[in-house]
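Trainee: I'd like to go over a predicted model; first the sequence, then the structure.
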Amino acid sequence: MMEWLREFAAQAEMYGLSTALAFICLMQYILYVYTRKREDEQQKSYLNEMEILEDEVSALQHERYLARVENAMLRDIFSNIEQGQAIDLLLKNFVPRISQGFAIFFCSQDNRLSVYASRGLEKIDEAKLRLDADWLKKLASDEIVRIAGKELSCSEFLKELGINVRKKLSELYLIPVNDREGCVGVIATTHLFPHGVAPKIQKQLVARILESVTGILKQTMMLHDQEMKLKLSQEKLVLRSIADRHHDMPSKLMDDYMLRLTNLLEASRGALLLLVPGPSGSLKVISRQGIQLPVGTETIWQEHELRLAQAAYQTDLPTCLGADELAKLQVDSLIGTALTVPLFQQERLVGILCITRRDRGVFSKMHISLARWAADFLAETLLRVLDRVEVERKANMDGLTELANRRTFDLKIRQELAQGRESGATCSLCLLDLDHFKAINDHHGHQAGDEVLRQFARVLESESKKVRSTDRPLVARYGGEEMAILLPGVGLEGAIRIGESIRQAASQMVILHNQQRIRITVSIGVSSFPRHASTADALIEAADQALYQAKKEGRNAVRAAQTESAAEPVKTNGTISRQSSY
């Protein structure tokens, strides 16, 4: 070093002091630059290390946050297994606010996807909502699929959504839910979670959570299905109990059954229509039950029901109809949703079950399942009821004329008079006897006499129907050639008019038997409650006395029973004249 200084001093002495100082400054600058560069590099190294540490800390914090989110979700889901809320809670995490989006869980059954639960979706949209076939192919990779742009705007899925729901949709994520056995379902959602996290992280977290809860989701669906089956079984028992009860009138059985079914299906109205035998394929309403409607509104609703039933008759399949399908059938008012189910007996269509609702709510799977079972059970019940009706009808019917028999008449007249005493209503009776019937049997034979009775019975049925629709006439064979017509709600004058109409129709009859022409006439006695009698026996006696009077005066006549102050009517040229008291 000393030698270097000596040499530097010698040089400085040779070249001068200024050059030496300049050289010293240059060396100092080079040393400074070198030192500064080393410091900068060291500082950058420190900063890089700090950034790495910060990233690691941030990543740890992020992972801790995600872990908290994941743990909170899993805790909520696992703690609500018994309440069957696992799927609802999962969907709520995807869409916390239903005003901003929606989430749907499609369950897989019989290789078909159908809406099992939803959040932020209108119920009317659920029934026909299906994922596009192209989308399902993309899900085969077990990865979350994002649908957006033209692929979304031109999709069939979007077309089925209501306008309000469409406004929430800018992109759609499809998330496969699988286990070792295959596809459990698919989640379709407008958002992933947690919000504010990179999509890649969101997808990873969703995948981890689904891997943990797929078994729970399956268990929830199984529990729900078991509850629905139990409820369905209970409702079936209710309907069976109605069918097993004894009903005096078979129509009452159908009315009770339809009313209960309509309530169980949460519908507004229900109708049962049977197919009328013949080539026309017309339908006859057997029972209508449900909410009461104003007369004009009810008429329109019934027309809609008939239109729906006729459409169902063409398809032979259970069908749910929303607003669009109803509009195509010109059902454009009153009814918001309809369900039609055909009734089959031995693979033969016999009727249609038509269930309708005012609102546009969707019939659930359980509703549809119950309606299908009810239709099958109705078809079986109809056979039993119709068989029972036939047995009861034969028990209450005269075998020859197919009119009510004497037993039925005796029961009915006492019932009507008891009701008349309570309500103050009138009730009239016509007793009819064919003139010279013994001569017909003697001259033409008993088979001819039987044919006369049969044809005369049809005339009685036809003429007795010429009363108000609210009246309930009963035509019966009273004994031998004697018939009776009970006319509840019909006064004496009305009964005399009906009797005269029958007398004229009988006198114009020509009965052909074995190429023989048989003519008949009839004598008729009329009495009325409470004018002539207060009991059934007395009313029959009064009509019988009037009939005797008609026979006594030459037959082919109508006579009314007498009151204490009235004279018997006189027949003149087939007409009735009587005092003003009648």
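Mentor: Great, that's in hand. It should be emphasised that the depicted structure is a prediction, and the values quoted were computed from it without experimental measurement.
Trainee: and residue 54, what pLDDT?
Mentor: We have a pLDDT of 77 for residue 54.
Trainee: Please read the previous query as pertaining to residue 541.
Mentor: Value for residue 541, per-residue pLDDT: 94.
Trainee: Please apply the same query to the one 4 residues further on.
Mentor: Residue 545 is assigned a predicted lDDT (pLDDT) of 94.
Trainee: I'd say it and residue 561 touch.
Mentor: Yes - taking contacts as Cβ atoms under 8 Å, residue 545 lies within contact range of residue 561: 6.2 Å. No exception for glycine: its C-beta is placed from N, CA and C like everyone else's.
Trainee: Using neighbour counts, pick out the buried residues of whichever strand or helix holds residue 460.
Mentor: Residue 460 is part of helix 446-464, with elements assigned from DSSP states H and E. Residues of helix 446-464 classed as buried by neighbour count (16 or more other Cβ atoms under 10 Å): 448, 449, 451, 452, 453, 455, 456, 457, 459, 460, 463, 464.
Trainee: which stretch of helix or strand covers the residue lying closest to the second one once chain neighbours are set aside?
Mentor: Translated: residue 449. Closest residue to residue 449 apart from its sequence neighbours, by Cβ to Cβ, 6 or more residues apart in numbering: residue 441 at 4.2 Å. In the assignment (DSSP H and E), residue 441 maps to helix 437-444.
Trainee: Comparing residue 545 and residue 561, which residue is more hemmed in?
Mentor: Counted by other Cβ atoms under 10 Å, residue 545 and residue 561 do not tie: residue 561 has more neighbours, with 27 against 17.
Trainee: could you measure the more buried one against residue 377, distance?
Mentor: Shown here: residue 561 relative to residue 377, a distance of 52 Å by Cβ to Cβ, to the nearest Å.
Trainee: next one: residue 93
Mentor: From residue 93 to residue 377 the distance is 43 Å (Cβ to Cβ).
Trainee: what about these two, which has more around it?
Mentor: Applying other Cβ under 10 Å to residue 93 and residue 377 shows that residue 93 carries more neighbours, namely 21 against 17.
Trainee: Which residue or residues pair with the residue positioned nearest the centre of the chain through a beta bridge?
Mentor: When the chain is reduced to its mean C-alpha position, the closest residue under Cα atoms, centre = their mean turns out to be residue 355, at 3.9 Å. Beta bridges link residue 355 to residue 270, residue 339, judged by DSSP bridges.
Trainee: my guess is it meets residue 339, correct?
Mentor: Yes - between residue 355 and residue 339 there is a contact at 4.4 Å, judged by Cβ under 8 Å.
Trainee: Please identify every residue contacting each of these two.
Mentor: Counting by Cβ atoms under 8 Å, 6 or more residues apart in numbering, the residues touching both residue 355 and residue 339 are 265, 267, 363, 371.
Trainee: For the residues you listed, which two are the farthest from each other?
Mentor: 267 and 371 (9.2 Å; Cβ to Cβ).
Trainee: intersection of neighbour lists for the two?
Mentor: Common neighbours of residue 267 and residue 371, counting by Cβ under 8 Å, 6+ apart, are 339, 355.
Trainee: so how far is the strand or helix carrying residue 30 off the chain centroid?
Mentor: Secondary structure assignment for residue 30, by DSSP H and E: helix 17-79. With Cα atoms, centre = their mean, to the nearest Å as the basis, helix 17-79 stands 71 Å off its chain's centre.
Trainee: again with stretch 173-182
Mentor: Using Cα atoms, centre = their mean, the distance between the centre of stretch 173-182 and that of its chain works out at 33 Å.
Trainee: Could you pull out the buried residues of it?
Mentor: Buried residues in stretch 173-182, counted by 16+ other Cβ under 10 Å: 173, 174, 175, 176, 177, 178.
Trainee: Next, the second one: phi, psi?
Mentor: With angles defined as degrees, to the nearest 10, residue 174 shows backbone torsions of phi -110, psi 120.
Trainee: okay, now the closest residue to it other than its chain neighbours: neighbour count?
Mentor: Among residues not flanking residue 174 along the chain, residue 145 sits closest, at 4.4 Å (Cβ to Cβ, 6+ apart). Residue 145: 18 surrounding residues under other Cβ under 10 Å.
Trainee: Same question for the one 5 residues further on.
Mentor: Counted with other Cβ under 10 Å, the burial measure for residue 150 works out to 7 neighbours.
Trainee: same check, this time on the one 4 residues further on
Mentor: For residue 154, the tally of surrounding residues (other Cβ under 10 Å) stands at 10.
Trainee: Does residue 183 belong to a helix, a strand or coil?
Mentor: Per DSSP: H, G, I helix; E, B strand; the rest coil, the local secondary structure of residue 183 is strand.
Trainee: hang on, the earlier thing: now for the helix holding residue 30, which elements pack on it?
Mentor: Contacts defined by 3 or more Cβ pairs under 8 Å, 6 or more residues apart in numbering; DSSP states H and E place helix 17-79 against helix 2-15, helix 86-94, helix 199-244.
Trainee: between the ones you listed, which gets the lowest average pLDDT?
Mentor: Of all those, mean pLDDT reaches its minimum on helix 2-15 (a mean of 62).
Trainee: ranges for the helices of the stretch 301-450 of the chain?
Mentor: With DSSP state H, counting those that start in this stretch applied, the stretch 301-450 of the chain shows helices at 323-328, 365-395, 406-423, 437-444, 446-464, listed in chain order.
Trainee: Any chance of these in a markdown table with mean pLDDT and distance to residue 498 as columns?
Mentor: Below are the helices of the stretch 301-450 of the chain laid out as a markdown table (pLDDT from 0 to 100; distance: least, Cβ to Cβ, whole Å):
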| stretch | mean pLDDT | distance to residue 498 |
| --- | --- | --- |
| helix 323-328 | 85 | 47 |
| helix 365-395 | 73 | 24 |
| helix 406-423 | 91 | 16 |
| helix 437-444 | 91 | 21 |
| helix 446-464 | 90 | 6 |
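Trainee: Among those, which comes closest to residue 493?
Mentor: Smallest distance to residue 493 across these (Cβ to Cβ): 15.9 Å, for helix 446-464.
Trainee: rewinding a little: correct me if wrong: the residue nearest to residue 174 contacts residue 137.
Mentor: No - contact criterion Cβ under 8 Å: residue 145 and residue 137 do not qualify, at 9.7 Å.
Trainee: what about residue 436, how many neighbours?
Mentor: So residue 436, with other Cβ under 10 Å, has 13 neighbours.
Trainee: swap that for residue 332, sorry
Mentor: Using other Cβ under 10 Å, residue 332 has 11 neighbouring residues.
Trainee: give me every residue that touches residue 290.
Mentor: 259, 262, 267, 268, 269, 270, 356.
Trainee: which one of the residues you listed sits closest to residue 36?
Mentor: Checking the contacts of residue 290 against residue 36 with Cβ to Cβ, the nearest one is residue 267 at 88.0 Å.
Trainee: what phi and what psi does the backbone show at the closest one?
Mentor: Main-chain torsions, residue 267, degrees, to the nearest 10: phi -100, psi 170.
Trainee: per-residue confidence for it?
Mentor: The model reports residue 267 with a pLDDT of 92.
Trainee: just checking, it touches residue 356?
Mentor: Yes - with contact defined as Cβ under 8 Å, residue 267 reaches residue 356; the gap is 6.3 Å.
Trainee: What strand or helix carries residue 150?
Mentor: Here residue 150 is assigned to helix 149-153, by DSSP H and E.
Trainee: Report the buried residues of stretch 208-223.
Mentor: Of all the residues in stretch 208-223, those buried under the rule 16+ other Cβ under 10 Å are 209, 210, 213, 214, 216, 217, 218, 220, 221.
Trainee: Understood, closing this out.
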